[in-house]
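Novice: Below is the sequence, then the predicted model.
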Amino acid sequence: MSDQLTVEPRFAQPKSSSPLSDLTDRVGGERAKTLWDKLTGKQDRIRHSQEQLDQKRAELDKESAEAAAVQERLHYLQIDVERAADQLTMAEGQLHAFKATLAALRGALLESWGNTSIIAYHGADGPNYSDVVRIQAAVDDWPRVRAHLSAKVETAQKALANFSLNLR
């Protein structure tokens, strides 16, 4: 009896190199062919399903990017409307301030007539009406200014409405 222990391999190493020939060696020829066909068919269906998923994902990504662009455009159109409306509102506030200033100046100038201290201050020229003339010109120009600013608001609103209608 020898002291040396020998271990024999339990399973033989596959002699073939292809998966089909390995399967044929293990389960037999026709059965292997049937199993191989089922396996490759399932792999083809999986590959096809993956391609469909990739295509759907690409379509959804494209739609998402388009939706983001639409949202951004709507946002900027809304900002345009708000800015135009704010500009009109601010101009209306300026008009009211001009009218109040004009009334105050006219009142002050009325009081300056016949006042000897004012005549001494202004000399023979009398009171200065240049601010009254300048502010009155701004007040008189209001209808033109209002028409211009109102047109800007309407243009911005129409652009927003047209863009919104084209989305439907």
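Specialist: Perfect, thanks for sending it.
Novice: for this structure, which spans come out with low pLDDT?
Specialist: 1-29, 32-33, 35-36, 116-126 (pLDDT under 70).
Novice: Could you list every helix and strand that the one helix or strand Gln78 maps to packs against?
Specialist: Using DSSP states H and E, Gln78 sits in helix 29-112. Helix 29-112 is packed against helix 19-27, helix 130-140, helix 142-167, with contacts defined by 3 or more Cβ pairs under 8 Å, 6 or more residues apart in numbering; DSSP states H and E. For the C-beta atoms, the positions are set from N, CA and C on the backbone; glycine is no exception.
Novice: got the buried residues for the second one?
Specialist: Across helix 130-140, burial judged by 16 or more other Cβ atoms under 10 Å covers 132, 135-136.
Novice: Pick out the residue closest to the middle of the chain.
Specialist: Residue closest to the mean C-alpha point of the chain, counted by Cα atoms, centre = their mean, is Glu72 at 1.8 Å.
Novice: follow-up on the earlier one: any idea which of the helices and strands packed on helix 29-112 is most buried?
Specialist: helix 19-27 (a mean of 15; mean count of other Cβ atoms under 10 Å).
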